[in-house]
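[1] show me the folded form of this:
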Amino acid sequence: RRITLEFEADGGEFSRSDLISFFNPLLDGTLTVTREANVRSIKYIPEKAEFSQPTLFDPLCIKATLYCAAPFFTNPRDTAVSNKTSVPMLTFPFTSIKGVGITSGLEISANTFSISNPGDVDVGISVTLRAQGRVVNPYVASNGREIRILDIIEEGDVYEICTVPGSKSLVKNGVNVFNFDRKSDFFTLSPGISSVVIGADVGADLIYSDIVYNVKYLGI
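    A predicted model of the protein is given here:
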């Protein structure tokens, strides 16, 4: 898409030269727009800038055209969810008997995520799986679609799964791999609420996972 901006600037020749440099077509940028409580951004390349100033006493007028290869506005920051939660096990003040063990807190994990996509189009997700023990054939599933990894992973291993269109990948410990079931579907999430399940044939409760995504909008 193309976005056209028209505005006036003060500052004389200094402002004019700065603006000419700012709209250099060899440099890309990010346009961020705030409208009431909404803040959204879109990446662009300056395509054209026209300057007009009838006299030195008139304000400098600029009409700039921005070319946006990806036509959707996005949130300036990614949305991230994790299945790790901490449950407090102590309150203060407390008393204790010498020699008796104490559990100060408990970290638990839930393998089902409820992902909200309030945008206008499907979005891909980036999933990080961290093994806390022996895990056999971990998978990520949603609405009957599944990405299944054919591997036995041990404590400390990390898998990164990306389903973003144009950037789909599977990475183990920083190295691209292809050991996934060929029936796997690197799915995207439709607008609305989607349930995403993290599982495994063995050791599903030993997976700590994070899901990161960015919502896309047609406008603001």
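
[2] helix or strand right after the least confident helix or strand in the chain by mean pLDDT?
    The weakest-scoring helix or strand in the chain, judged by mean pLDDT, DSSP states H and E, is strand 105-109 (a mean of 44). Sequence-wise, the next helix or strand beyond strand 105-109 is strand 112-117, with elements assigned using DSSP states H and E.

[3] contacts for that following strand, please.
    Contacts to strand 112-117, defined as CB atoms under 8 Å, 6 or more residues apart in numbering, come from residues 81, 83, 123, 125, 189-198, 211, 213, 215. For glycine as for every other residue, the C-beta is placed from the backbone atoms N, C-alpha and C.

[4] now for this structure: which strand has the highest residue count?
    Selection of the longest strand in the chain by residue count, based on DSSP state E, yields strand 38-52.

[5] and the helices in the chain?
    Remark: helices assigned in the chain by DSSP state H are 12-22.

[6] show me where it dips below the pLDDT cut-off.
    11-16, 84-110 (pLDDT under 70).

[7] go with 80
    Per-residue confidence for the chain (pLDDT under 80) gives these ranges: 9-20, 56-57, 83-110.

[8] got a list of what Gly203 touches?
    Neighbour list for Gly203: Ala131, Gly133, Arg134, Val135, Val136, Pro138 [criterion: CB under 8 Å, 6+ apart].

[9] give me that answer again for 6 Å
    Taking CB atoms under 6 Å, 6 or more residues apart in numbering as the definition of contact, the neighbours of Gly203 are Gly133, Arg134, Val135.

[10] again with Ile198
    By CB under 6 Å, 6+ apart, the contact set of Ile198 is Asn111, Val140, Ile207, Ser209.

[11] of the residues you listed, which is the most crowded?
    Taking other CB atoms under 10 Å as the neighbour criterion, Val140 ranks highest of those with 25 neighbours.

[12] against Cys162, how distant is that residue?
    Taking CB to CB, to the nearest Å as the measure, Val140 falls 11 Å from Cys162.

[13] next: Leu19.
    Noted for Leu19: a distance of 38 Å to Cys162, by CB to CB.

[14] just Glu36 next, same as before
    According to CB to CB, Glu36 and Cys162 sit 33 Å apart.

[15] which of those two has more neighbours?
    The residue with more neighbours, out of Glu36 and Cys162 and counting by other CB under 10 Å, is Cys162; that gives 18 against 6.

[16] and the more buried one, bridged to which residues?
    Ser126, Ser169 (DSSP bridges).

[17] just to check, it is in contact with Val171?
    No. With the criterion set as CB atoms under 6 Å, Cys162 and Val171 do not qualify as a contacting pair; they are 7.8 Å apart.
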